[in-house]
Each structure stands twice: as structure tokens, then as C-alpha cells.
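Asker: Provided below are the primary sequence and the corresponding predicted coordinates.
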Amino acid sequence: MEKLRREFYSKSALELARAILGFNLVHITKYGRLVGKIVETEAYMGEHDKAAHSYNNRRTKRTEVMFGPPGHAYVYLIYGMYYCLNIVAAETNIAQAVLIRAVEPVEGLEKMAELRYQKSLLTCSKKEILGLTNGPGKLCQAMNINKNNNGQDLCGNRLFLLKAEAPPENDIVTTTRININYAEEAIYFPYRFYINSSPYVSVRNKS
DNA sequence: ATACAGATCGGT
DNA sequence: CCGATCTGTATA
């Protein structure tokens, strides 16, 4: 499947979050080619979204990349320990992004196990294998994504998305976002999407 | 210069 | 539920 062009990223974060479910995230690293299938995303809509770092068009050194052209990586450190990967959406001066919350490991599992647990995949339990990439901080650790990737152009050849077949409509769950309890009315916005049949979804809705 | 909260994770 | 751990951001 082909690499996404910048034009594909030039849509609202809400549309983009939904559109990239099932696509492959590829990172070419010194450890080799690491690939994960995107199974969970959240849209952050910028100016009018209290959950977004770019709420009210707050423009700082950190949020700057979101004000730039779409198809770039916004990577930030959270809780002093973990990185989160976002895909910049929309257009220049519209600060929207899509948080990648979970992927299914596709290629480079051995390297991912080393990066996550400093041990061989062969010695990993089933639970540990599921824990490889089922969260935004975990997938960044497994795929060696960190502050060095901040601002990286996804139309380059190191970090990019590959198109794939979209999951069936009835396998996609639309729900509210995780851990944004400070965001007042935005808490209830249905901006989170996941592939229900994937075992790598980070947090599942009740029944 | 200082204070403080956070788009997480793992262990209890 | 709690603590780890530290940067970004706001306030002064």
C-alpha cells in the first residue's frame, strides 16, 4: 500500500482520526523497520477544544508544530516520562492533531520487545505481547518515537503512514476521549475511535 | 524565580 | 488508588 501524501492529511482532525484506522504506521530506525497497524485514535480540534494543547489558539514553542502544515509529527513528553505521538491535521494556522493511542505490532516485534522490556520477544508472556503497543506511551517506546521525531515530516522516508483497507463500519467504535477530565464540556465530545475487534485497544467501553 | 499540573503507566 | 518524574506554562 502507498505512503500517504500531504493532501491526505489536509482534513479536519476528526475526519483524519477516523480515516487512518487500519493504516500502518512505519518508523525506519537504527534498529530496523518498525510497523504498527493503527487501531485507536483521538481527535484534538484546537481552538474550540478545551482538551487540546492548542485550545484558544495557544501558540507556544511546544504547540508550534500544530500551527504548521499538515502531515507532520507532534510528539510531546507527558508526566515527565512518556512520549505521545500526534499527526498534525487540517491546514497551516489551524492547530488540530490526531493522537495515536494504540497500534497492533506488525513488523519488528523482536525490536519492540527489546525497547519496551529490554528482553527477547521469545521470553514474553501473552500479556506482555499485548502490552507492547496498547497505549500512547507504550507505542512510542516500542517504536522508538521520542522528542527527536517532533516536527518530523510524514511525507519524508523515516516516519510515515501506509494506506490500507479500511475496517468495516460496524467494527468501529466512536466514544469519548481518555484522561481529559479537566476539559469541561469537551469531556463529552465523541472524538475517540477504535477498532472493536482489535485486542490492542487501550481502554474499552463498558458493554 | 517559583509553582504546579499533566492527551500515562505500572504496581498495590 | 498512588507515585514516578520533569517539561511546559503561567504568574510575578
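Answerer: Arrived safely.
Asker: Can you verify my assumption that A:Ser54 contacts A:Glu64?
Answerer: No - using C-beta atoms under 8 Å, A:Ser54 and A:Glu64 do not qualify as a contacting pair, with a distance of 9.6 Å. To be clear about C-beta, it is placed using only N, CA and C from the backbone, and glycine gets the same treatment.
Asker: low pLDDT regions in chain A?
Answerer: A:207 (pLDDT under 70).
Asker: Residues of chain A that sit close to DNA strand C?
Answerer: Counting by C-beta under 7 Å from any atom of the strand, the residues of chain A lying close to DNA strand C are A:53, A:58, A:60-63, A:76-77, A:79-81.
Asker: Helix, strand, or coil at the most centrally placed residue in chain A?
Answerer: The residue lying closest to the centre of chain A (C-alpha atoms, centre = their mean) is A:Ile100, at 1.3 Å. State at A:Ile100, reduced to three classes by DSSP: H, G, I helix; E, B strand; the rest coil: strand.
Asker: Same question for A:Val106.
Answerer: Of the three states, A:Val106 takes strand under three-state DSSP.
Asker: Tell me who's in contact with it.
Answerer: A:24, A:35-37 (C-beta atoms under 8 Å, 6 or more residues apart in numbering).
Asker: hmm, 10 Å instead?
Answerer: Listed by C-beta atoms under 10 Å, 6 or more residues apart in numbering, the contact set of A:Val106 reads A:24-26, A:33-37, A:133, A:162, A:164.
Asker: picking that back up, considering the residues of chain A next to DNA strand C, which possesses the most neighbours?
Answerer: Neighbour counts for these, by other C-beta atoms under 10 Å, peak at A:Thr63, which reaches 19 neighbours.
Asker: which phi and psi does that residue have?
Answerer: Here is the backbone geometry of A:Thr63 (degrees, to the nearest 10): phi -80, psi -10.
Asker: Distance-wise, check it relative to A:Gly156.
Answerer: Using C-beta to C-beta, to the nearest Å, A:Thr63 is found at 21 Å from A:Gly156.
Asker: And A:Glu42, by the same measure?
Answerer: Applying C-beta to C-beta, the value for A:Glu42 to A:Gly156 is 24 Å.
Asker: the more surrounded of these two?
Answerer: Using other C-beta under 10 Å, the more surrounded residue of A:Glu42 and A:Gly156 is A:Glu42, with 25 against 13.
Asker: Spell out which helix or strand contains A:Pro199, please.
Answerer: Here A:Pro199 sits in a region with no helix or strand, counting by DSSP states H and E.
Asker: Correct me if wrong: it contacts A:Val103.
Answerer: No - under the criterion of C-beta atoms under 10 Å, A:Pro199 makes no contact with A:Val103, lying 11.9 Å away.
Asker: What values do phi and psi take at whatever residue of chain A ends up closest to DNA strand C?
Answerer: Residue nearest to DNA strand C within chain A (C-beta to the nearest atom of the strand): A:Gly80, separated by 2.6 Å. Dihedral angles of A:Gly80 (phi, psi; degrees, to the nearest 10) stand at phi 70, psi 10.
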